[in-house]
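1. Dropping the sequence and predicted coords here.
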Amino acid sequence: LDPASVALEREEHAHAEQSKVLDAVRLSNEFRVALADSQLFLEYQPFVELSSGTVIGFEALLRWNHPVHGRMPPDQFIPLIEETGQIIAATRWVFREACGALLRMQQAAGNNDLFMSINFSAQDFDEPEFVTSLCNVAEQEGIEPRNIHLEITERLLLRQASHVSETLKLCRDKGMEVSIDDFGTGYSSLSYLHRYPISTLKIDKSFISNMSSDDGALGLVRSIMSISDNLGLSIIAEGVENDQQVSMLRSLRCHVAQGFYFSRPLAESDAISLLNGVHIDA
Ligand code: C2E
Ligand code: MG
Ligand code: MG
Ligand code: MG
């Protein structure tokens, strides 16, 4: 390696880093426009009760219809807007939109028990009056708090324990349910499961997809089932893609699942058609 090529490489590296920062700044400015300009929309992925094949609720998933890049998946912009703090405004938008959709879905299905699960980021919990404002929006949109599920990750619980714990307790007091998303992929201790007011564990899709080929993954799913049994928590299997997984989950006595096998995330009108079709073949 000659010094000249080392220097060149360094310069190229610095340049690449700089343009990454510029891209991030541009994207964050564009997101501000997106929020104001209705480039954001939601899709809804059903939760299916395995015993009956009935849809019992939906998860709201955020999408950005970018004027240049087209449809952008959340993984490409959520980490950035979490860093800039724009996630707080985004979550507010998602929450109201999802409540509105839920009311229309409940009316179409004639089912007041249908629930909506919404993803939250750690930053959302820093907002003062977080829970009060969620309840106010739900009320304005005609939704009962009991039909709202908050999805949070294990990472959030590691963050600022006492503050998060109080907020979650308040959520439960108001009647909202709290789910742990991607359960099993965080690095937290299990002790929080009984310290925090959690109602549901969503088993991460990596365990579900490896369950049939990897005894370790199957063992983990079994253990999660028995922990949840002992603590009185509900279980949802994420990322179910085939009927082999469905029958394994049935034999493990897992009652609720979500995944491409049942349905991809849907536009509101398709979600309503699905509800009107009553049963999904599971
Ligand atoms: P998540 O909350 O764990 O959502 C599940 C993701 O897995 C979704 O990807 C969904 O489309 C995908 N998925 C569902 N079933 C299957 C399956 O059977 N196979 C496979 N391979 N994938 C499946 P999506 O919509 O791209 O969302 C990615 C992540 O972005 C979400 O993971 C969530 O962490 C985050 N996200 C989405 N919407 C929001 C939001 O409104 N707010 C926040 N804070 N995060 C969000
Ligand atoms: Mg989720
Ligand atoms: Mg998940
Ligand atoms: Mg996941």
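-> Nice, I can see it. Ligands and ions are numbered 1, 2, ... in the order given.
2. Contact residues of the stretch 1-150 of the chain facing ligand 2?
-> Asn119 (C-beta under 5 Å from the ion). For glycine as for every other residue, the C-beta is placed from the backbone atoms N, C-alpha and C.
3. Can you point out the buried residues in the biggest strand by length in the chain?
-> Taking DSSP state E as the assignment, the strand of the chain that covers the most residues is strand 54-66. Within strand 54-66, the residues that qualify as buried are Thr54, Val55, Gly57, Phe58, Glu59, Ala60, Leu61, Leu62, Arg63, Trp64, His66, counting by 16 or more other C-beta atoms under 10 Å.
4. likewise stretch 242-255?
-> Gln245, Val246, Met248, Leu249, Leu252, Cys254, His255.
5. helices or strands next to the helix or strand encompassing the second one in the packing?
-> Translated: Val246. Using DSSP states H and E, Val246 sits within helix 243-251. In terms of contacts (3 or more C-beta pairs under 8 Å, 6 or more residues apart in numbering; DSSP states H and E), helix 243-251 is packed against helix 205-210.
6. Packing partners of the helix it packs on?
-> Helix 205-210 packs on helix 215-231, helix 243-251, going by 3+ C-beta pairs under 8 Å, 6+ apart.
7. Of the buried residues of stretch 242-255, which are in range of ligand 3?
-> Applying C-beta under 5 Å from the ion to those, none is adjacent to ligand 3.
8. Pipe the buried residues of strand 54-66 into TSV and attach distance to ligand 3 and pLDDT per row.
-> Output for those, formatted as TSV (distance: C-beta to the ion, whole Å; pLDDT from 0 to 100):
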residue	distance to ligand 3	pLDDT
Thr54	21	94
Val55	18	97
Gly57	14	98
Phe58	13	98
Glu59	8	98
Ala60	12	98
Leu61	10	98
Leu62	13	98
Arg63	16	97
Trp64	19	96
His66	23	95
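9. Test my guess that Glu97 contacts Leu42.
-> Yes: counting by C-beta atoms under 8 Å, Glu97 touches Leu42, with 5.5 Å between them.
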